[in-house]
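Visitor: got a predicted structure plus its sequence, pasted below:
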Amino acid sequence: MTGITKRHLMAGALALPLAAGGAFAAQADTLTVAGSGGGLAQVMDMLYDQPFTEATGIQINALATTDRASALQAMMRSGNTIWDVAELSPVDYAIASTNGWLVPIDWSRADPDGLLPDEARLEDAAVVATYSTILAVRSDRLPEGQAMQSWADFWDVETFPGPRGLQNSVMDNLEFALLADGVERADIYDLLATDEGVDRAFAMLDEIKPHITAWWTAGAQPVQMLADGEVAFTSAWNGRITQLQAEGVPADMIWQGGALKPSYMAIIRGTDMEDAAHEYLRMLLTDAERAAQFAELVAYPAMLPQLYDHLSAEAGANLPTHPDNMDVQFVTNALFWAEHMDRLRERWDEWMLE
């Protein structure tokens, strides 16, 4: 994580008041949280995990994990719940929720003042962070007097010539293809639920495929390709482009048609730490100052509106949950992809080989 040091994080974390209550101060239990590793884990440790332990006496056992849906399935089959709380991607959440692997959230404890919007308060999970797959543009590669503003422009190779990149993923690309073909954001998933809609998306992908010079598979790739000039326009994750801009590369983020992806936090069925888990969620979800500092360090903000009271207008404008950006994006439909992923990914893989 560029520019983030332990010293910076600790200074920021200690400057904020503790949000968790003292109801668990006498406990010496451990709450096991399955989440991300690397720099993100360091941010979580400094801003949330250590302060939570100071406030409650409960240690956080943070595990860097992958393929969480498969791990949860194994736990449920064995009857041995190892995790108390887990961070889940949209598809992982949909699988876990539909299989009944998650504990219903008591929102009177997790968000007692009702600070979160309804979209962040699910029956069995909470949205704790977001990121967007957006269109990233090298502004110095645009034709004079032209501005790329949408996926329709990305598909317009005559007006906007130049090498292009897309992620090697059926998710997002089907949605982007339909948007490029004039489908309204609200209608994307209704259309993709039909054979006609899927065929329409792939027909649009047939048009752009000859102009895609790179199919990226890791978040760092589109950033490097933009920096090197290998591509002029590409899909990318918003936080990566924020870092690229900080390095002085003339790259713009186009929020129009962006795919907003929530990161969910859920309590796992079978845990004996439900009370502590709810207290941990309350700190994650309702402390606006910590949420703002998290967003300054990692451009994947919570959906807590009050966090923008603690950010500059400039910093807020570059975040996916800023009201102006929310208004022009669609939210990735986790339940749709959980139901249709295998079938559509198989078609995608075959299409990529054509």
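Guide: Everything's here; your move. Numbering: from 1, shown residues only.

Visitor: and residue 253, backbone torsions?
Guide: For residue 253, the backbone dihedrals (degrees, to the nearest 10) come out as phi -100, psi 130.

Visitor: also residue 59?
Guide: Backbone dihedrals for residue 59, given as degrees, to the nearest 10, come out at phi -70, psi 150.

Visitor: try residue 55
Guide: For residue 55, the backbone dihedrals (degrees, to the nearest 10) come out as phi -80, psi -30.

Visitor: can you tell me how far it sits from residue 38?
Guide: Using C-beta to C-beta, to the nearest Å, one gets 25 Å for the distance from residue 55 to residue 38. (Glycine included, C-beta is placed from N, CA and C.)

Visitor: more neighbours: those two, which one.
Guide: With neighbours defined as other C-beta atoms under 10 Å, residue 55 and residue 38 compare such that residue 55 has more, 19 against 9.

Visitor: how near is that one to residue 283?
Guide: Applying C-beta to C-beta, the value for residue 55 to residue 283 is 8 Å.

Visitor: was I right to think residue 319 contacts residue 329?
Guide: No - with contacts counted by C-beta atoms under 8 Å, residue 319 stays clear of residue 329, the gap being 11.7 Å.

Visitor: so for those two, which sits in the more crowded spot?
Guide: When residue 319 and residue 329 are compared on other C-beta under 10 Å, the one with more neighbours turns out to be residue 319, at 26 against 21.

Visitor: tell me the SS of residue 129?
Guide: Reduced to three states with DSSP: H, G, I helix; E, B strand; the rest coil, the structure at residue 129 is strand.

Visitor: ok, what's across the strand from it?
Guide: Beta-bridge pairing of residue 129, defined through DSSP bridges, involves residue 263.

Visitor: can you read off the pLDDT for it?
Guide: The predicted local confidence for residue 129 comes out at a pLDDT of 95.

Visitor: residues near it, how many?
Guide: Around residue 129 there are 24 residues (other C-beta under 10 Å).

Visitor: what helices or strands is the helix or strand harbouring residue 254 leaning on?
Guide: Remark: residue 254 resides in strand 251-267, with elements defined by DSSP states H and E. For strand 251-267, the packing partners by 3 or more C-beta pairs under 8 Å, 6 or more residues apart in numbering; DSSP states H and E come out as strand 85-88, helix 90-98, strand 126-138, helix 170-180, helix 238-246, helix 274-286, helix 323-326, strand 330-331.

Visitor: want to throw those into TSV with distance to residue 212?
Guide: Listed next are the helices and strands packed on strand 251-267 as TSV, based on distance: least, C-beta to C-beta, whole Å:
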stretch	distance to residue 212
strand 85-88	30
helix 90-98	24
strand 126-138	13
helix 170-180	10
helix 238-246	19
helix 274-286	38
helix 323-326	25
strand 330-331	22
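
Visitor: quick one: closest of these to residue 109.
Guide: The minimum distance between residue 109 and the helices and strands packed on strand 251-267 falls on helix 274-286, with 4.3 Å, by C-beta to C-beta.

Visitor: who touches that closest one?
Guide: Outside of helix 274-286, the residues within contact range by C-beta atoms under 8 Å, 6 or more residues apart in numbering are 19-21, 23-24, 27, 29, 31, 33, 48, 51-52, 55-56, 58, 60, 84-85, 103, 105-106, 109-113, 115-116, 120, 126, 128, 265, 267, 271, 290, 302, 304.
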